[in-house]
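Undergrad: A structural model of the following input is requested.
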Amino acid sequence: MTFFTFARPIIMSLQIIDSAAHMQQQAFASRAENKRIGFVPTMGYLHDGHVSLMKLLRPRCDILITSIFVNPIQFGPKEDFAQYPRDLQRDAKLCESAGVDIVFYPKVEDMYPKNFHTHVEVEYLTETLCGPWRPGHFRGVATVVCKLFNIVQPHLAAFGQKDAQQVVVIERMAQDLNLPVEIVVGPTRREPDGLAMSSRNVYLSPAERQQATALYHSLKLAERMIHDGERDSAKIISAMKSLILREVTSPVIEYVEIVDRATLHSVQTIAGEIIIALAVRIGRTRLIDNFMLTF
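TA: Residues are numbered from 1 along each chain as shown. Predicted coordinates:
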């Protein structure tokens, strides 16, 4: 059987593979040689947050693989799939600088061939936070990550804390399906003014970019209130929303929630391991952020 692929060095030491079959063959061969595979799945247009995940795994693996795939099935019909920023040459340079060995860059038709009918759905954990606002999103995320794990065969896979709900969903999927991969969570990387790094930040106008720091300011306010002894979630959430409404022109606040880290469902009283999470639209840009705290 012959597979169409390109496996060419786009930069000196970096290999690009666009065939799922070829990528899986290389992964099986590496495992047969007892090589430890680290994996960072991305949708590309990389930033320092992605690079930090690559550097986090680099000392822990023999082969470091990054996937770049803008996954169509995690986007809703009115979302930004077509506009999502893409720049393979730029991304390849960042991967090479972080010590990545292979970039897996599959085509949509290779990941989802004709008559593709199988999906992975993680229930309960997707009922809150972004779930109601992005129907089908986490089914798309779980499906593509499960496929990528099967193709790349990683021992370790790294995800960023900024996508806190995604992290919990993937951890649950890996546990429930007995996937032999360790999920490694890297801290949220931020700009000097606190804004969480995101590929979608390029959508912000200069004025919107300045106002977007309100999300970080609201999280810091919540952190201060909790450290000062406030334990009523409703009071903290109200204060956060008020700050955002003061600092942002006509924001659309999808949610500000304080949830249990294990269940992702709201808590009325601050206790245990919690996530303070929010999603806000500033102009046409949807931004998410969170803090995780333990008491």
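
Undergrad: As a check, name the ranges of all strands in this structure.
TA: Listed from the start of the chain, the chain has strands (DSSP state E) covering 7-11, 14-17, 37-42, 63-68, 102-104, 156-160, 182-186, 252-260, 273-282, 285-294.

Undergrad: could those strands go into TSV alongside mean pLDDT, mean neighbour count and distance to Thr118?
TA: Glycine gets a C-beta too; all of them are placed from N, C-alpha and C. Formatted as TSV, these follow (pLDDT from 0 to 100; neighbours: other CB atoms under 10 Å; distance: least, CB to CB, whole Å):
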stretch	mean pLDDT	mean neighbour count	distance to Thr118
strand 7-11	44	13	27
strand 14-17	97	20	23
strand 37-42	98	26	19
strand 63-68	98	25	19
strand 102-104	98	24	20
strand 156-160	98	22	20
strand 182-186	98	17	22
strand 252-260	98	19	30
strand 273-282	98	21	29
strand 285-294	97	19	28
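
Undergrad: how close does the one residue sitting closest to the centre of the chain get to Arg31?
TA: Nearest to the mean C-alpha position of the chain, by CA atoms, centre = their mean, lies Asp163 at 4.7 Å. Separation of Asp163 from Arg31 (CB to CB, to the nearest Å) stands at 27 Å.

Undergrad: So which residues of this structure form helices?
TA: Under the criterion DSSP state H, helices of the chain are mapped to 20-32, 48-57, 88-97, 108-111, 137-152, 164-176, 206-211, 213-227, 233-247.

Undergrad: check contacts around the residue nearest to the centre of the chain.
TA: Counting by CB atoms under 8 Å, 6 or more residues apart in numbering, Asp163 makes contact with Ile288.

Undergrad: how much space between it and Lys241?
TA: 22 Å.

Undergrad: Also Asp232?
TA: For Asp232, the distance to Lys241 - CB to CB - is 14 Å.

Undergrad: With neighbour numbers in mind, choose between the two.
TA: Lys241 (17 against 13; other CB atoms under 10 Å).

Undergrad: Give me the nearest residue to the more buried one, chain neighbours excluded.
TA: Val256 (5.5 Å; CB to CB, 6 or more residues apart in numbering).

Undergrad: and the one you found, what are its bridge partners?
TA: Leu278 (DSSP bridges).

Undergrad: which stretches of the stretch 1-150 of the chain have low pLDDT?
TA: Scanning the stretch 1-150 of the chain for pLDDT under 70 picks out the ranges 1-12.

Undergrad: change it to 90
TA: Under the criterion pLDDT under 90, the flagged ranges of the stretch 1-150 of the chain are 1-13.

Undergrad: what domains does the record give for the chain?
TA: Domain segmentation of the chain under automatic domain parsing yields 7-186, 199-294.

Undergrad: returning to what we had before: how much space separates the residue nearest to the centre of the chain from Ile288?
TA: Distance from Asp163 to Ile288, by CB to CB: 7 Å.

Undergrad: now swap in Ile282 and tell me
TA: For Ile282 relative to Ile288 (CB to CB), the value is 12 Å.

Undergrad: can you check Leu14 too?
TA: From Leu14 across to Ile288, the span is 30 Å (CB to CB).

Undergrad: before we move on, what about Thr188?
TA: 10 Å.

Undergrad: and if you look at Ala157?
TA: 20 Å.

Undergrad: joint contacts of Thr188 and Ile288?
TA: With CB under 8 Å, 6+ apart as the test, Thr188 and Ile288 both reach 162, 196.

Undergrad: circling back to that earlier point, can you redo the domains of the chain as JSON lines, where the extra columns are distance to Pro192?
TA: Below are those laid out as JSON lines (distance: least, CB to CB, whole Å):
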{"stretch": "domain 7-186", "distance to Pro192": "11"}
{"stretch": "domain 199-294", "distance to Pro192": "10"}
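
Undergrad: which regions of the stretch 151-295 of the chain sit below the pLDDT cut-off?
TA: Judged by pLDDT under 90, the stretches of the stretch 151-295 of the chain that qualify are 295.

Undergrad: Next up, the contacts around the residue nearest to Lys241.
TA: Per CB under 8 Å, 6+ apart, neighbours of Val256: 218, 237, 240-241, 244, 277-278.

Undergrad: so how far is Val152 from Phe28?
TA: 10 Å.
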